[in-house]
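**Student:** any chance you can model this:
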Amino acid sequence: MSGKALVEHFSALEDPRQSWKVVYPLPEIMLLVLCATLASAEDFVEIRRWGREKLEFLRTMLPFRHGIPSHDTLNDVLNALDPGLFSACFAAWVEALRETEPDIVAIDGKSSRRARAKGGHPLHVVSAWATRQRLVLGQEAVGEKANEIVAIPLLLERLQLTGALVTIDAMGTQTAIAQTILDKGADYLLALKH
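**Tutor:** Purely as a prediction, here's the structure:
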């Protein structure tokens, strides 16, 4: 997939900045952030550092006339984007990477050790993992006073599951969740405790 094709998946995002003040176009920022993140950059300082080291590579896809923006600019622009729309664009991009052949999709929840939600509680996220492709298809944050049973159906609704085998641990063994999987054209393998 080319850089332009990658950026096209995020073309629905509107640049939150005043157009006459834009020095670094949004497609350049998105390409930089996505490529650096794929290369294991974990924060905006590392993304900027990666971009400065790989500027010639980035310029094979987009002009980057003004070079690489500061980490503060990256932070400000990404934090101003519509998170729901960004999530939808990201999911569409990941879906385009996915092979059409059915896969095993593992649904599992994890708490992040260092990430905190509002109120200081650990961030708990349910993820869908395409095992053969080693690709996260999507994630759904679990609400502070909720559990995975609430988040799993929301995640499943966003995924293309036709022909897949969906696995979930005992927490997600619910008739409504099983029905959602069947409605999406997939099969399920659910764990039981007893």
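
**Student:** which helices and strands does the longest helix seen in the chain pack with?
**Tutor:** Taking DSSP state H as the criterion, the chain has its longest helix at helix 83-97. Helices and strands touching helix 83-97, by 3 or more C-beta pairs under 8 Å, 6 or more residues apart in numbering; DSSP states H and E, are strand 135-141. To be clear about C-beta, it is placed using only N, CA and C from the backbone, and glycine gets the same treatment.

**Student:** the longest helix of the chain: how far from the chain's middle?
**Tutor:** 6 Å (C-alpha atoms, centre = their mean, to the nearest Å).

**Student:** could you check the angle that helix makes with strand 135-141?
**Tutor:** For helix 83-97 against strand 135-141, the angle by axes from the mean of the first three to the mean of the last three C-alpha atoms, to 10 degrees is 160 degrees.

**Student:** next, count neighbours for Leu32.
**Tutor:** The number of residues packed near Leu32 is 25, by other C-beta atoms under 10 Å.

**Student:** make 633 the starting number, not 1.
**Tutor:** Okay, residue one is now 633; in that scheme the one you just asked about reads as Leu664.

**Student:** any idea of the pLDDT on the nearest residue to it once chain neighbours are set aside?
**Tutor:** Leaving aside its sequence neighbours, Leu664 sits nearest to Gly683 (C-beta to C-beta, 6 or more residues apart in numbering; 4.8 Å). The model reports Gly683 with a pLDDT of 97.

**Student:** in this protein, which helix or strand is least confident?
**Tutor:** Lowest on mean pLDDT, DSSP states H and E among the helices and strands of the chain sits helix 635-640, with a mean of 73.

**Student:** can you pull the buried residues of the following helix or strand past it?
**Tutor:** Tracing the chain past helix 635-640, the next element assigned as helix or strand by DSSP states H and E is helix 658-670. Across helix 658-670, burial judged by 16 or more other C-beta atoms under 10 Å covers Leu658, Pro659, Glu660, Ile661, Met662, Leu663, Leu664, Val665, Leu666, Cys667, Ala668.

**Student:** and the next helix or strand past helix 658-670?
**Tutor:** On the C-terminal side of helix 658-670, the closest following helix or strand by DSSP H and E is helix 676-685.

**Student:** start to end distance for stretch 740-755?
**Tutor:** 14 Å (C-alpha to C-alpha, to the nearest Å).

**Student:** domains of this protein?
**Tutor:** Following the TED database, one gets these domains for the chain: 635-714, 730-822.

**Student:** looking at the ones you listed, which has the lowest confidence?
**Tutor:** Going by mean pLDDT, the lowest-scoring of the domains of the chain is domain 730-822, which has a mean of 85.

**Student:** next one: that domain to chain centre, how far?
**Tutor:** 13 Å.
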